[in-house]
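Trainee: Dropping the sequence and predicted coords here.
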Amino acid sequence: PEGWLTGEIINFYWTFLERREFRSESSLLFLGTYTAYRISNAENATITDNISMQLSEELKHRHLVLIPLNHRSHWSLLVYCRLTKTFYHYDSISRHNRKFAERAVGRFLRVLEPKAKDGFYFKPMQTPQQNNDFDCGIYVLAIAEELARRYINHTKRNTAPRVKRPSAPISTPSTGSLRERYVEKDSSELARRKTTPTGSHTVRQTAPISRALTSDLLMPRFSNPFASSFSSAFVSLCKDPVSNTFVPEPLLRGGGSGCYEQAHATQSSAGSSKSREERIRAETRLMEKAGLPRDFWQVTVEDIEYPHCMRQRIRKLVLDLQRQQISGRWAKR
């Protein structure tokens, strides 16, 4: 009930999702914890290039890659979408793995897009927050499953033949959760949620999620992801009082260009709000080009399964498989 999830359990659930829940979907890739650890902690380009060659065939037709990150005994989720060329980071303990994820993205890019040079993005997402010290792995599984199901259902709707319908009066947009709009709920899960008291198992949110796009979309150029002389891989633009232009924050601190160079330095007298507006426009263009709704990657508390319910379900799944193995052995005898 209160144990930490190990890499073996996460790999087991990844396999379950690939072979049982999404077995007919070839656009998803659930990256194993061991491979993710090797890439995120790679010390040189030889390691990432070798892994890229090994996974080259596997990555050809994958549009969505879900990556479990582990840093200092804490799990977080990194999601790479090829359509938007963006890495989305979900952390159930505020910014615990933020800097680690920022550094790891450059390494993952060498594996996932070995021929790419720039034009890729990183965005830390507002994430439902755990209220204990043992549910981080559960949040990774719950958010990954929600995003995978959401992506598949959206893809199916877009690829299905369009039927011309008679025009209907414009209705007010639904105010329900994102899950209600993008995911076809399973009736058993709905029943399980309704019978679960929320008072004893509360989940807190860092802040209300706005339907408008946030300005956290960062636009770096990945030059040398293995350099160690930097404090943060991605930074927002800050105004240089000398040149009156916007430059990466480390340059103002005298830290040099560091591991990453900012892809787009803007010059404007409108202040930091100008760079924020440009990042919002950039993200809007990416989402429109990919054909995804603006709030597609946002995950709220209402969108995911309750942590303790998911623990019980995974435990029951493991025990059922064990019983099937034992009964199969006896049948062979």
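Mentor: Right, received. Where do you want to start? Numbering: from 1, shown residues only.
Trainee: What mean pLDDT does stretch 25-34 get?
Mentor: Averaged over stretch 25-34, pLDDT sits at 94.
Trainee: Please identify the buried residues of that stretch?
Mentor: Of all the residues in stretch 25-34, those buried under the rule 16 or more other Cβ atoms under 10 Å are 25, 27-33. No exception for glycine: its C-beta is placed from N, CA and C like everyone else's.
Trainee: and what of stretch 64-74?
Mentor: Residues of stretch 64-74 classed as buried: 64-71, 74 (neighbour count, 16+ other Cβ under 10 Å).
Trainee: among the buried residues of stretch 25-34, which are in strands?
Mentor: Secondary structure defined by DSSP state E assigns 28-30 of these to strands.
Trainee: Can you tell me, leaving aside adjacent residues, what's nearest to Y121?
Mentor: T86 (4.3 Å; Cβ to Cβ, 6 or more residues apart in numbering).
Trainee: which ones are touching that neighbour?
Mentor: T86 makes contact with 80, 120-123, 217, 286 under the criterion Cβ atoms under 8 Å, 6 or more residues apart in numbering.
Trainee: One more: G291?
Mentor: When the contact criterion is Cβ under 8 Å, 6+ apart, the partners of G291 are 83, 158.
Trainee: which stretch of helix or strand covers Y88?
Mentor: Using DSSP states H and E, the secondary-structure element containing Y88 is strand 86-90.
Trainee: For that strand, which strands pair with it and how are they oriented?
Mentor: With DSSP bridges as the criterion, the sheet partners recorded for strand 86-90 are strand 74-81 (antiparallel), strand 121-125 (parallel).
Trainee: before we move on, back to that, pick the one among the buried residues of stretch 64-74 closest to H96.
Mentor: Nearest to H96 out of those is H74 (Cβ to Cβ; 5.2 Å).
Trainee: Okay, and the beta partners of that closest one?
Mentor: Beta-bridge partners for H74, by DSSP bridges, are H71.
Trainee: Could you check how far it is from T46?
Mentor: With distances defined as Cβ to Cβ, to the nearest Å, the gap from H74 to T46 amounts to 28 Å.
Trainee: go on, V105?
Mentor: Distance check for V105 against T46: by Cβ to Cβ, it reads 19 Å.
Trainee: hey, which helix is longest across this structure?
Mentor: Ranked by residue count and defined by DSSP state H, the top helix of the chain is helix 307-332.
Trainee: list the helices and strands that one packs on?
Mentor: Under the contact definition 3 or more Cβ pairs under 8 Å, 6 or more residues apart in numbering; DSSP states H and E, helix 307-332 sits against helix 7-16, helix 136-159.
Trainee: okay, those, which one's buried deepest?
Mentor: Ranked by average neighbour count under the criterion mean count of other Cβ atoms under 10 Å, those are headed by helix 136-159 at a mean of 20.
Trainee: got the CA positions of it in PDB?
Mentor: What follows is the C-alpha trace of helix 136-159 in PDB, where atoms were taken according to Å, rounded to 0.1, in the frame of the first residue of the first chain:
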ATOM      1  CA  CYS A 136       5.600   9.200  -7.600                       C
ATOM      2  CA  GLY A 137       5.800   5.900  -9.600                       C
ATOM      3  CA  ILE A 138       2.000   5.600  -9.500                       C
ATOM      4  CA  TYR A 139       1.600   9.100 -10.900                       C
ATOM      5  CA  VAL A 140       4.000   8.300 -13.800                       C
ATOM      6  CA  LEU A 141       1.900   5.200 -14.700                       C
ATOM      7  CA  ALA A 142      -1.400   7.000 -14.400                       C
ATOM      8  CA  ILE A 143      -0.400  10.100 -16.400                       C
ATOM      9  CA  ALA A 144       1.300   8.000 -19.100                       C
ATOM     10  CA  GLU A 145      -1.800   5.700 -19.500                       C
ATOM     11  CA  GLU A 146      -4.100   8.800 -19.700                       C
ATOM     12  CA  LEU A 147      -1.900  10.500 -22.300                       C
ATOM     13  CA  ALA A 148      -1.500   7.400 -24.400                       C
ATOM     14  CA  ARG A 149      -5.200   6.700 -24.400                       C
ATOM     15  CA  ARG A 150      -6.000  10.300 -25.200                       C
ATOM     16  CA  TYR A 151      -3.500  10.400 -28.100                       C
ATOM     17  CA  ILE A 152      -4.900   7.100 -29.600                       C
ATOM     18  CA  ASN A 153      -8.500   8.200 -29.400                       C
ATOM     19  CA  HIS A 154      -7.600  11.600 -31.000                       C
ATOM     20  CA  THR A 155      -5.700   9.900 -33.800                       C
ATOM     21  CA  LYS A 156      -8.600   7.500 -34.500                       C
ATOM     22  CA  ARG A 157     -11.000  10.300 -34.700                       C
ATOM     23  CA  ASN A 158      -8.900  12.200 -37.100                       C
ATOM     24  CA  THR A 159      -8.200   9.200 -39.400                       C
END
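Trainee: average pLDDT across it?
Mentor: For helix 136-159, mean pLDDT rounds to 93.
Trainee: now the angle from it to strand 74-81?
Mentor: The directions of helix 136-159 and strand 74-81 differ by 10 degrees, with axes from the mean of the first three to the mean of the last three Cα atoms, to 10 degrees as the criterion.
Trainee: what's the most buried one of the strands paired with strand 86-90?
Mentor: Comparing those on average neighbours per residue, with mean count of other Cβ under 10 Å, the densest one is strand 74-81 at a mean of 24.
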